[in-house]
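A.B. asks: Show me the folded form of this:
(one chain, ligands or ions: 2)
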Amino acid sequence: MATIRILEATVANQIAAGEVVERPAAVVKELLENSLDAGARRVTVDFSRGGKAQMIIEDDGKGMTGDEAMLSLERHATSKIRLASDLDRIATFGFRGEALPSIASVARFTMQTRTAEAPSGAEIAVNGGKIIHRRDHGMAPGTRIEVANLFHPVPARLKFLKSDETEAAHIVRLVRLYAIAHPEVGFLLREDGREIFRSPGHAPLLDRVREIWGRQVAEEVTLMPVFERPGMKLSGLLGKPGVSRGTRQDLVTVVNGRPVDSRTMAFALTESYHTLIPKGRYPLAFVFLEMDPAWVDVNVHPAKREVRFRDEARVRNFLIESVLAVLRSRADEGLPAETIPAVMAAAPFTVNPAAGPTLSSPVVVPLTSGPPSGPPPVVTHATAVRLGWRLLSRLREERAVFETPTGLAILDVGAAHQRVLYESILKQFSEQNPVSQALLVPLAIELEPLPAAVLRERLPLLQAGGFDFEEYGRNFWRIAALPAWLEPEAALAFIRDLLAEMARREGDFGRPALAYDALAKLATQKARRKGDAMSDGELMELVQSLFRTAQPGTCPRGRRTYVEWTDADLGRRFG
Ligand code: ADP
Ligand code: MG
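C.D. replies: Residues are numbered from 1 along each chain as shown. Ligands and ions are numbered 1, 2, ... in the order given. Below you'll find the predicted structure:
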């Protein structure tokens, strides 16, 4: 029968290491965070064989004295918090005091460190948790930590490591994230001496993204202005409409300098791109949220990046509002410069509500008034298009080829049509007291309990939108009037879609714009019903209407409405 005893420090550290360092990238994360906590202005990361053979993290931060360095290897030794109450306002990455002893217990660990005041530095070498030596070491102020033969002292864990390539990919991804999160710090990342990226501190954010994420990504994003709410600040770069990814890899969220995963933030960003990217895909974004540390919970699993907010709804709404404001004002991104009007995003367009959108009576009639605030410069897309786009030919029914002031464009007629119809419907749906049509024969609809409850709750919003509902039995409803834009044949399906969407987005449904799924579906069906027999004149009207919409670049399902080859592109193709 075994007796109870306290574990030896090394064994306890090796067990803790199981949580803190699951793979080489986790070691890099802990050491990088320590460097940033130490106020480094420059950090260099070197690794080889996916970090399995060696990782070196070097910084020019405040360093440690020899005694502090010895102490830092003790479990629960930290300079960052003292009291449990400090946990409520952590401004540093670390606070557990576990990383260094854990790492040192499962590798060959060499730390060289020096403070600015000390005449020379110290070197401490540890192997599998046992101190090998401590001696003086001449060096500049800062800290250099080398971790070699990771997990050799605990062979069972070696088996769980993936291929060198996979582990290397994790390290590269991690260092990229931290470099983006800390634009004030210079970063250098090397694999086997080969430079992967280098980025000096204090570069403009877009340059930073180009250096770290690459040229292509830099071309797909634009700078957003800074938004503020009491206690919160948002800034960063946002992907252009129509640019999307199948994964969240380029959806980067940073909270108080910490790269994090936040379902709330990812959801808010993805929602904001509705109709600008296809459903199920993710936008590009590099967003930085700063807020009172007391509102953020980072005291979660050491190896996870997940973050929780004290008020998730407030964060979500702040993000959605800010991003939508940017996207609305940047609707012109990706359009050729010559066709960008000065006030497109703000310019209202009017619709003939009684007639409903049809092709022969164009959905959009010319601008009648400027935006409410201030006299607008009267430049419209319509003018620009009339001057700029010339129809060259049809391409297999659904497409049309245009000469543009900057090159050659191919228009997807259906997609363009859907965007025009969608915005027209959205506009009317959002309008207070729109034209309503009484039905000669009322429609009847039976609803499941959930949608019926949603309908009861949202009745005022729908009544204001031109619907007239009356409950005449349990979950049976009679519809006596519809808004003019909604044809009776399409009404029942639309109402079901709308209620489902409202149920899904409960909290947010003061905002009709968020009915985009139901509206997009309706627009798509309408566009299909109009058929594709369109005269050249109608086609030109469509193009003009398209460029008067808020987001001409994509259809409401987020696919591109047109692609353009500039003269420069074509020149390159011809060599
Ligand atoms: P924590 O970061 O949770 O405090 P660590 O085990 O990661 O715990 O580090 C222990 C302590 O060692 C830190 O609190 C800090 O005082 C010191 N330290 C670690 N790395 C560095 C570094 N690169 N520069 C200066 N001090 C460091
Ligand atoms: Mg730490």
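
A.B. asks: centre of the chain versus stretch 191-208, how much separation?
C.D. replies: Relative to the centre of its chain, stretch 191-208 is centred 22 Å away, using CA atoms, centre = their mean, to the nearest Å.

A.B. asks: Quick check: buried residues in it?
C.D. replies: Neighbour-count burial for stretch 191-208 flags 191, 196, 197, 199, 201, 203, 205, 208 (criterion: 16 or more other CB atoms under 10 Å). Every residue, glycine included, has its C-beta placed from N, CA and C.

A.B. asks: Could I get the contacting residues of the residue in the chain positioned nearest to ligand 1?
C.D. replies: Proximity of the chain to ligand 1 (CB to the nearest ligand atom) peaks at residue 94, 2.0 Å away. Residues near residue 94 by CB atoms under 8 Å, 6 or more residues apart in numbering: 30, 33, 34, 37, 78, 80.

A.B. asks: Equivalent analysis for residue 477, please.
C.D. replies: By CB under 8 Å, 6+ apart, the neighbours of residue 477 are 444, 445, 446, 447, 452, 455, 469, 470, 471.

A.B. asks: which of those residues lies closest to residue 274?
C.D. replies: For the contacts of residue 477, the closest approach to residue 274 (CB to CB) belongs to residue 455, at 22.4 Å.

A.B. asks: Regarding the closest one, what is its secondary structure?
C.D. replies: Under the three-state scheme (DSSP: H, G, I helix; E, B strand; the rest coil), residue 455 adopts helix.

A.B. asks: Could you count how many residues lie near it?
C.D. replies: 22 (other CB atoms under 10 Å).

A.B. asks: quick one, what contacts the residue nearest to it when sequence neighbours are not counted?
C.D. replies: Spatial nearest neighbour of residue 455, excluding adjacent residues (CB to CB, 6 or more residues apart in numbering): residue 499 at 5.8 Å. Residue 499 is in contact with 447, 451, 454, 455, 458, counting by CB under 8 Å, 6+ apart.

A.B. asks: Turn those into TSV, columns for distance to residue 485.
C.D. replies: Shown next, in TSV, are the contacts of residue 499 (distance: CB to CB, whole Å):
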residue	distance to residue 485
447	22
451	21
454	21
455	19
458	18
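
A.B. asks: ok, so of the residues you listed, who is nearest ligand 2?
C.D. replies: Ligand 2 lies nearest to residue 454 out of these, by CB to the ion, at 48.2 Å.

A.B. asks: Could you tell me how far the closest one is located from residue 292?
C.D. replies: Using CB to CB, to the nearest Å, one obtains 35 Å as the distance from residue 454 to residue 292.

A.B. asks: Have a look at these two and say which one is more surrounded.
C.D. replies: residue 454 (21 against 12).

A.B. asks: Residue 504 is in contact with that one, correct?
C.D. replies: No: the criterion here is CB atoms under 8 Å, and residue 454 misses it with residue 504 at 9.7 Å.

A.B. asks: which residues of the stretch 351-500 of the chain fall in helices?
C.D. replies: 381-388, 413-430, 449-464, 488-504 (DSSP state H, counting those that start in this stretch).
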